[in-house]
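following is a predicted model, sequence given first.
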Amino acid sequence: MIKPLRSSSPTIGHWALVILLLLGSLPTALLHAAQPPASEPARWWKGNLHTHSFWSDGDDFPESILDYYKTNDYHFVALSDHNVMQTGQRWLTVTNGARKIAFEKYLQRFGEKWVELRPLQTVTMARLKRLDEFDKLFNERGRFLVIPAEEITARYKLQPIHINASNLRDELKPQNGSNVVDVIQRNLDAIREQSRHTGQPILPHINHPNFGWAITAEELMQVRGETFFEVYNGHPSVHNEGDEHHASMERMWDISLAFRLSQLKLGLLFGLAVDDSHHYHNYARTNSNPGRGWVMVRSSRLDAASLITAMEAGDFYATSGVRLKDVRRTERELAVEIETEPGVSYRTEFIGTLKGFDPTSRPGTRATNSIYAVTRLYTEQIGAVLAVADGPRASYKMAGDELYVRAKVTSTKPKLNAFGTNETEVAWTQPVVNSTK
């Protein structure tokens, strides 16, 4: 590629370029390279923002995990191990069973020149490569991006409070607090402070509220400075659908949106789908395998800043398999166009809450001997189905009385390697606020 001149003095390269232009013999590729790049159009990028490796409680090496995602057409992955970033020196003792299987695959895939063993040991010990070492194997401009991250793993009493921070620069220690909301808020504030101090964009999101029945909708709705939470998580222990005593993740989403927008004035809450992958060798309903949930982000560039900017604007959707060609979100309309598959049917529900909804509620019931709080029971005016459409295209025009509207696209295609019963592929768009008068 011809480099731009950095001084006003003509150089040999400059005169060579002039002569070639005059003779009309400049190769087309060089001519294009000499021109300023055109603005790149926005496109969809596929990514997972919740991933675990041997650096915490995953069962594989980071390189093997990233190799899976890149091979399976993902564009970005955040490696989010518990309370650690992949820095410093750490050795893995290779025992029998799962670790041995992982090590043998690792050695076969990356070779003896890459794999580093600790000498003079009676058992095999392999060094876990640092992020600044292995990301060079995978980062590819416009093709794949490794995003540094951490799952900040705190708790309040017995309740696990986990928050992911994607594009984090420095490891953060979990913060304690006086209640669930206080723990969440303190950790979010620490993430925001690092972003402010470093100037680096960081995307925090609240993980699996129903894991350990840790977070209620009333607690989720109060958090300030947070825009993202997991509406779908691929771990079999996170209770996406709730149970007879606990609200589902979607129900919690609608309750939180209704009160954040109408009374608390805290803004929108966007929903993510993630893998929360831990197990990469044995695929089963009882394991947290990769490939179950992801986000599709619309951006012109594949870099952390561009992806975060797009997500903060709500220009993404969450999915467990359904692909969308287009999502149009305006103050007056929400529309989707589905990337259909032969033999698969699609139904789009437009879900929202109207202004002036009934905010009253009553206590939910706890399971026998349960110590955990449960989300209160609210009227069905919250999160009502406002319209339904079948087929590859669907749109909803605002009537003027909606607080927000979001779309859920459900297909008849069975979910591959599902952990839920009778689970089919779904996509969730981000809510739109009605600003019409």
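Good, I have the coordinates.

give me the distance between the nearest residue to residue 268 once chain neighbours are set aside and residue 279.
Leaving out its chain neighbours, the residue that sits closest to residue 268 by CB to CB, 6 or more residues apart in numbering is residue 431, at 5.8 Å. Bear in mind the C-beta positions are built from the backbone N, C-alpha and C, glycine included. Counting by CB to CB, to the nearest Å, the separation of residue 431 from residue 279 is 33 Å.

these two: which has the busier surroundings?
Each of residue 431 and residue 279 has its neighbours counted (other CB atoms under 10 Å); residue 431 has more, 26 against 19.

residues contacting that one?
Each residue near residue 431 by CB atoms under 8 Å, 6 or more residues apart in numbering is listed here: 257, 268-270, 314, 352, 404-406.

closest one to residue 62 out of these, please.
residue 270 (27.4 Å; CB to CB).

what about the closest one, how many residues nearby?
Burial of residue 270 is recorded as 26 neighbouring residues (other CB under 10 Å).

is it true that it touches residue 315?
No. With contact defined as CB atoms under 8 Å, residue 270 does not reach residue 315; the gap is 10.2 Å.

tell me the domain boundaries of the protein?
The record's domain parsing of the chain by automatic domain parsing lists 1-38, 43-90+128-322.

contacting residues for residue 274?
48-50, 230, 232-234, 293-295.

identify the residues contacting the nearest residue to it once chain neighbours are set aside.
In space, and not counting its chain neighbours, residue 274 is closest to residue 50: 3.7 Å by CB to CB, 6+ apart. Listed by CB under 8 Å, 6+ apart, the contact set of residue 50 reads 78, 80, 151, 164, 207, 230, 233, 274-277.

again, but for residue 223
Contacts of residue 223 by CB under 8 Å, 6+ apart are 181, 184-185, 188, 206, 266.

which parts of the stretch 151-300 of the chain are strands?
For the stretch 151-300 of the chain, the strands defined by DSSP state E, counting those that start in this stretch occupy 159-166, 203-206, 228-233, 270-274, 294-299.

same for the last one, what does it pack against?
So the one you mean is strand 294-299. strand 43-48, strand 270-274, helix 304-312, strand 316-319 (3 or more CB pairs under 8 Å, 6 or more residues apart in numbering; DSSP states H and E).

for residue 197, find the nearest of the ones you listed.
Residue 197 lies closest, by CB to CB, to one member of the helices and strands packed on strand 294-299: helix 304-312, at 16.5 Å.

quick one, the closest one and strand 159-166 angle?
With axes from the mean of the first three to the mean of the last three CA atoms, to 10 degrees applied, the angle from helix 304-312 to strand 159-166 works out at 130 degrees.

elements contacting helix 304-312?
Against helix 304-312 (3+ CB pairs under 8 Å, 6+ apart) you get strand 145-156, strand 203-206, strand 294-299.

just the helices in the stretch 201-350 of the chain please.
217-222, 249-259, 304-312 (DSSP state H, counting those that start in this stretch).

from residue 236, how far out is residue 284?
Using CB to CB, we find residue 284 at a distance of 9 Å from residue 236.

ok so, going back, can I get the contacts of residue 274 in a markdown table with pLDDT?
As requested, these are exported to a markdown table (pLDDT from 0 to 100):
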| residue | pLDDT |
| --- | --- |
| 48 | 98 |
| 49 | 98 |
| 50 | 98 |
| 230 | 98 |
| 232 | 98 |
| 233 | 98 |
| 234 | 98 |
| 293 | 98 |
| 294 | 98 |
| 295 | 99 |
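
out of the residues you listed, the closest to residue 65 would be?
Nearest member of the contacts of residue 274 to residue 65, counting by CB to CB, is residue 48, at 9.9 Å.

which residues does that closest one bridge with?
In this entry, residue 48 is beta-bridged to residue 77, by DSSP bridges.

ok, back up a step: so what pLDDT did the residue nearest to residue 268 get?
Note for residue 431: predicted pLDDT of 98.

reformat the strands of the stretch 151-300 of the chain as TSV; add distance to residue 172.
Shown next, in TSV, are the strands of the stretch 151-300 of the chain (distance: least, CB to CB, whole Å):
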stretch	distance to residue 172
strand 159-166	7
strand 203-206	10
strand 228-233	17
strand 270-274	19
strand 294-299	22
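
now for the ones you listed, which one comes closest to residue 212?
Closest among those, using CB to CB: strand 159-166, at 4.6 Å.

how far is the closest one from where the chain is centred?
13 Å (CA atoms, centre = their mean, to the nearest Å).

strands paired with it, and their directions?
strand 145-156 (antiparallel), strand 203-206 (antiparallel).

just want the angle from that strand to strand 43-48.
Using the same axes, to 10 degrees: strand 159-166 against strand 43-48 is 140 degrees.

does residue 158 touch residue 212 like I think?
Yes. Because the distance of 7.4 Å satisfies CB under 8 Å, residue 158 is recorded as touching residue 212.

between the two, which is the more surrounded one?
Between residue 158 and residue 212, counting by other CB under 10 Å, residue 212 is the more crowded of the two (17 against 10).

OK, contacts around the more buried one?
Each residue near residue 212 by CB under 8 Å, 6+ apart is listed here: 158-160, 372.

go again with 6 Å.
Residues in contact with residue 212, defined by CB atoms under 6 Å, 6 or more residues apart in numbering, are 159-160.

likewise residue 75?
Residues 45-47, 302 are the ones in contact with residue 75 under the rule CB under 6 Å, 6+ apart.

look at residue 284 and residue 236 and report which has more neighbours.
Taking other CB under 10 Å, residue 284 and residue 236 do not tie; residue 236 has more neighbours (19 against 11).

pretty sure the more buried one sits against residue 417.
No. Using CB atoms under 6 Å as the test, residue 236 is too far from residue 417 to be in contact (10.9 Å).

sorry, back to before: give me whichever of the helices of the stretch 201-350 of the chain is most buried.
helix 249-259 (a mean of 24; mean count of other CB atoms under 10 Å).

the inter-axis angle of that one versus strand 270-274?
160 degrees.

against which helices or strands is helix 249-259 packed?
Secondary-structure packing of helix 249-259 (3 or more CB pairs under 6 Å, 6 or more residues apart in numbering; DSSP states H and E): helix 217-222.

about what we covered before: which among the contacts of residue 274 end up buried?
48-50, 230, 232-234, 293-295 (16 or more other CB atoms under 10 Å).

for those, which one is nearest residue 327?
Distances from residue 327 to these, taken by CB to CB, are shortest for residue 295, at 12.2 Å.
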